[in-house]
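**Student:** Sharing a model prediction with you, sequence too.
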Amino acid sequence: MIKKIKNLLFDSDFVAPVTILVMTAILILGFFLRSNDLYTWPRQGATFDEYAWTWQGINLIQKGVPESWSPHAVYTNVQYVTYQQTNFRLVKPYLEHPPVFGLVTGSFALLNGVKDMYSLSLESIRPLALLLGLFSVVMVYLLVKELYDKKTAFLSSLLFATIPTIVIGSRIVQNENFIIPFWLLALFFIFKYLKSGRARFRNMAAVICGFLALSKVPWIAAGFSIFLIFLFLKKYIDAVKFLGILVPIFLLFFVYGFYYDGGLFLSLWGLQLNRYDIGFTSIYSLFQKPYLVDRFYLDGWIYFGWFAFALLLKDVKKNLLIVLPILSYFLIFLAAIPDEPGHGWYRYPFYPFLIISIALFIRNYFSKNLILTFFFLVLVGTTLFQNTWGQVFGFSYILFRVLIIAWGFSLAPLFFSFRGVSKWTNFLNWGWIIIFVLLNIWSVMLYNEQ
């Protein structure tokens with residue numbers, strides 16, 4: 001049975017109807033996991049940025065002036081209000097972020113029946129997060145299919161549809177959930193350009209990256225990654241033409257800021273460039289503080305993703321459109337993203353590339369490199385059992401040690417040459433992949449913040 005499933009995923013040549021059927025099943029699963037408890041977990045108040053972005057857009061559309069909540073002292077036009085039993089410090093004009101994502105969320109809320117900023121609820125905006133999450137699953141499939149093959153694309157999208165940190169994090173209306181699908185789309189267009197030479201693909205990618213930078217300044221990472229790709233490939237003219245589209249779009253943020261209040265705008269830039277909680281060791285928060293939103297959630301898939309990414313560095317050119325995006329956002333994260341408590345969404349832009357790295361590890365190394373396979377089983381398996389079995393039944397010494405022995409069996413062919421050892425080890429290893437996907441689903445269904 002395991003062999004048949006493996007052959008289906010990796011060795012079969014899918015025809016279009018089967019491709020559509022499999023992707024439909026993955027999307028239905030992704031929809032089910034994301035829509036379950038969509039308005040409950042993460043709980044209201046895990047981040048009020050969901051309201052900040054939407055209020056910015058609603059007020060821009062209805063009043064022509066950006067207004068939202070902010071804690072920053074540089075604002076002078078301040079009003080204190082209580083809404084849904086929560087105190088907000090409203091500021092006007094709200095200029096610490098560009099307007100595009102606010103306009104997207106605000107437009108969605110208004111189209112979804114919201115009359116003004118004081119009739120907003122999670123029910124009126126989180127469906128947008130659901131749509132963006134499903135769009136991301138589709139874009140993971142399309143990009144990986146173009147870069148590698150259809151079988152790896154299926155696996156990547158299945159993992160992205162089910163891994164708990166990604167599923168639960170994708171339920172919130174955060175700018176990070178906006179960049180993911182559109183960054184992948186821009187990379188998809190760049191691959192199409194490199195393959196065909198048609199300038200419209202390069203130009204569409206530049207426009208997308210420009211508007212991402214108008215959604216949140218750190219999203220310049222998307223354009224920077226493509227700029228690095230052109231430099232790596234020695235396509236200097238393309239790099240200049242790409243920037244020639246992206247930079248003027250991004251500069252509209254300065255026009256926007258100076259239009260409303262130039263002095264305030266410059267003060268906010270000074271604040272953002274000297275953010276609190278940035279230090280020489282703040283990068284270690286990626287590994288020391290596994291925030292999902294505002295609470296820790298240990299997920300071995302994310303940790304192993306960094307190991308899998310390191311394996312891609314053996315052939316940077318082959319994996320260019322995965323390696324350089326991670327590098328570009330890593331540099332932005334290192335230089336500009338503060339180690340703020342409870343801001344787990346800052347990590348989200350890494351995740352599609354880490355999950356693709358894991359899919360490539362499974363495709364190229366799993367059950368072949370036995371030591372790497374063992375570490376994969378342990379890192380991913382222990383957190384999944386902690387978040388499922390451990391949560392429901394409590395810790396069991398017996399189960400824990402049985403699992404270690406079972407995962408240790410993956411090393412057996414290194415030490416024993418008995419007939420059938422490799423066959424049974426391979427069978428069990430692939431069985432664990434299926435179990436892990438099922439445990440992903442169970443983890444998501446069990447998640448709560450009580």
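**Tutor:** It's in. Treat the numbers as computed from the prediction; the structure is a model and nothing was measured. Numbers count the residues shown, from 1 in each chain.

**Student:** And the nearest residue to residue 236 once chain neighbours are set aside, how close does it get to residue 144?
**Tutor:** Distances taken as CB to CB, 6 or more residues apart in numbering place residue 230 nearest to residue 236, at 7.2 Å, with adjacent residues excluded. Placement of C-beta: from N, CA and C, glycine included. Residue 230 sits 21 Å away from residue 144, taking CB to CB, to the nearest Å as the criterion.

**Student:** Give me the more crowded residue out of the two.
**Tutor:** Neighbour count, other CB atoms under 10 Å: between residue 230 and residue 144, residue 144 has more, with 28 against 21.

**Student:** Give me the below-cutoff pLDDT ranges for the stretch 51-200 of the chain.
**Tutor:** Residues of the stretch 51-200 of the chain meeting the criterion pLDDT under 70: none.

**Student:** can you tell me the helix or strand for the residue nearest to residue 236?
**Tutor:** Counting by DSSP states H and E, the element that carries residue 230 is helix 220-232.

**Student:** Can you list the buried residues in the helix or strand following that helix?
**Tutor:** Next helix or strand after helix 220-232 toward the C-terminus (DSSP H and E): helix 236-272. Neighbour counts using 16 or more other CB atoms under 10 Å place 238-239, 241-243, 245-246, 249-250, 252-253, 256-257, 261, 264-265, 267-268 of helix 236-272 among the buried residues.

**Student:** ok, now stretch 376-388?
**Tutor:** 376-388.

**Student:** now those residues as TSV including distance to residue 300 and pLDDT?
**Tutor:** Shown next, in TSV, are the buried residues of stretch 376-388 (distance: CB to CB, whole Å; pLDDT from 0 to 100):
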residue	distance to residue 300	pLDDT
376	9	98
377	10	98
378	8	98
379	4	98
380	4	98
381	7	98
382	6	98
383	4	98
384	7	98
385	10	98
386	9	98
387	10	98
388	12	98
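
**Student:** Dump the residues you listed to TSV, plus distance to residue 282 and secondary structure.
**Tutor:** Below are the buried residues of stretch 376-388 laid out as TSV (distance: CB to CB, whole Å; DSSP: H, G, I helix; E, B strand; the rest coil):
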residue	distance to residue 282	secondary structure
376	28	helix
377	31	helix
378	28	helix
379	24	helix
380	26	helix
381	30	helix
382	27	helix
383	24	helix
384	28	helix
385	31	helix
386	27	helix
387	27	helix
388	32	coil
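
**Student:** which one of those residues sits closest to residue 449?
**Tutor:** Comparing the buried residues of stretch 376-388 against residue 449 with CB to CB places residue 387 closest, at 13.2 Å.

**Student:** Can I get stretch 385-396 in PDB, CA atoms only?
**Tutor:** Taking Å, rounded to 0.1, in the frame of the first residue of the first chain, the C-alpha atoms of stretch 385-396 are listed here in PDB:
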ATOM      1  CA  PHE A 385       3.100  13.700  19.100                       C
ATOM      2  CA  GLN A 386       3.400  16.400  21.800                       C
ATOM      3  CA  ASN A 387       0.700  18.500  20.100                       C
ATOM      4  CA  THR A 388      -1.600  15.600  19.600                       C
ATOM      5  CA  TRP A 389      -1.200  12.500  21.800                       C
ATOM      6  CA  GLY A 390       0.500  14.500  24.600                       C
ATOM      7  CA  GLN A 391      -2.300  17.100  24.600                       C
ATOM      8  CA  VAL A 392      -5.100  14.500  24.700                       C
ATOM      9  CA  PHE A 393      -3.700  11.700  26.800                       C
ATOM     10  CA  GLY A 394      -0.600  13.200  28.400                       C
ATOM     11  CA  PHE A 395       3.000  12.200  28.200                       C
ATOM     12  CA  SER A 396       3.800   8.500  28.200                       C
END
